[in-house]
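# I'd like to go over a predicted model; first the sequence, then the structure.
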Amino acid sequence: MLIDSHCHLDAKWFKNDIPYVIQNAKKHDIEAIITSSISASIQKVKNIVARYPNYVFWALGLHPPGVNTQSVKTITKLIEKYKTEIVAIGEVGLDYHWVKEENQREQQKEALKFFIDLAKKLEKPIIIHARDAQTDTIEILEENNAENVLMHCFSGNELEAKRVLKNKWLISVPTSVANRKVHQMMARIVPLDQMLLETDAPYLSPIRKKRNEPANIQISAQKIAEIKSTTLEEVAKKTTANARNFYRLDERMK
């Protein structure tokens, strides 16, 4: 059995066929899905989670390009309101790919520090987005003693990856490991004991020009098994155990 540790089921590409997506995931041995809501528009996610209890779980965060004073306040209120329902805070972090203005980047940094403290206060794991901002992200995490960290879809260089691993944080390898060299490098570097699997669906599909979905975790698990010269069963066993532990799913899947 496998777990999709990070996706976005509330994305518009899923608006017409969530029942099919869930059924197909189960057909492909996906035992749980974590969907991340990254704005204040959470009703769709709440509806999906309510419809598929003990199977779809949710995290709540703020996509870095959307960071401003008001959005941080709004998301914080929602996180505190739903703290017993969500399994993590995130994704949150830094994005220098889309955000070029220095003052906006500084806002992202301050927001990340705030969310690290909030995660510790609420005793929640934190899912980190770091796009073209890996070094700054790692430094902030280290300086603020971040705990229970998952580097979602991490695509830094080898030294940055090793720094993440030295801190005993986790890295989730996306389904694009099937065709992207940077994620294949991550699959080689990251030990199974510190690895989770994710789709980031509907993005990062292993099949070009097709919508991604949780069922495709099977494809990435097989590719990682090939890269590591191990079995699909071993990849599934380790990464599923890691996801269950990180999100404390055993308490929720009884």
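Noted; the coordinates are in hand.
# Which residues are in contact with residue 30?
Taking CB atoms under 8 Å, 6 or more residues apart in numbering, we find residue 30 in contact with 1-4, 214-215, 217-218. To be clear about C-beta, it is placed using only N, CA and C from the backbone, and glycine gets the same treatment.
# I misspoke; the intended subject was residue 228.
With CB under 8 Å, 6+ apart, residue 228 has these contacts: 187-188, 192, 235.
# Please identify which pair of the residues you listed lies farthest apart.
188 and 235 (13.1 Å; CB to CB).
# Comparing the two, which shows the higher neighbour count?
Neighbour count, other CB atoms under 10 Å: between residue 188 and residue 235, residue 235 has more, with 25 against 12.
# any idea whether the more buried one is helix, strand or coil?
Going by DSSP: H, G, I helix; E, B strand; the rest coil, the secondary structure assigned to residue 235 is helix.
# Can you lay out the contacts of residue 228 as a markdown table showing pLDDT, secondary structure and distance to residue 65?
Output for the contacts of residue 228, formatted as a markdown table (pLDDT from 0 to 100; DSSP: H, G, I helix; E, B strand; the rest coil; distance: CB to CB, whole Å):
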| residue | pLDDT | secondary structure | distance to residue 65 |
| --- | --- | --- | --- |
| 187 | 98 | helix | 27 |
| 188 | 98 | helix | 30 |
| 192 | 99 | helix | 32 |
| 235 | 99 | helix | 33 |
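# Which one of those is nearest to residue 133?
Taking CB to CB as the measure, residue 133 lies nearest residue 187 of these, at 21.9 Å.
# where does the protein have low pLDDT?
Scanning the chain with the threshold set as pLDDT under 70 gives 254.
# Distance from the longest helix along it to the middle of the chain?
Taking DSSP state H as the criterion, the chain has its longest helix at helix 102-122. Remark: helix 102-122 is offset 17 Å from the chain centroid, using CA atoms, centre = their mean, to the nearest Å.
# Buried residues of it, list them for me.
Along helix 102-122, these residues count as buried under the neighbour rule (16 or more other CB atoms under 10 Å): 104-105, 107-109, 111-112, 115-116, 118-120.
# Now render these as JSON lines, adding distance to residue 131.
Listed next are these as JSON lines, based on distance: CB to CB, whole Å:
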{"residue": "104", "distance to residue 131": "14"}
{"residue": "105", "distance to residue 131": "12"}
{"residue": "107", "distance to residue 131": "16"}
{"residue": "108", "distance to residue 131": "11"}
{"residue": "109", "distance to residue 131": "14"}
{"residue": "111", "distance to residue 131": "15"}
{"residue": "112", "distance to residue 131": "13"}
{"residue": "115", "distance to residue 131": "16"}
{"residue": "116", "distance to residue 131": "18"}
{"residue": "118", "distance to residue 131": "21"}
{"residue": "119", "distance to residue 131": "20"}
{"residue": "120", "distance to residue 131": "24"}
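# hey, where'd the strands end up in the stretch 151-254 of the chain?
Assigned by DSSP state E, counting those that start in this stretch, the stretch 151-254 of the chain shows strands spanning 170-174, 195-198.
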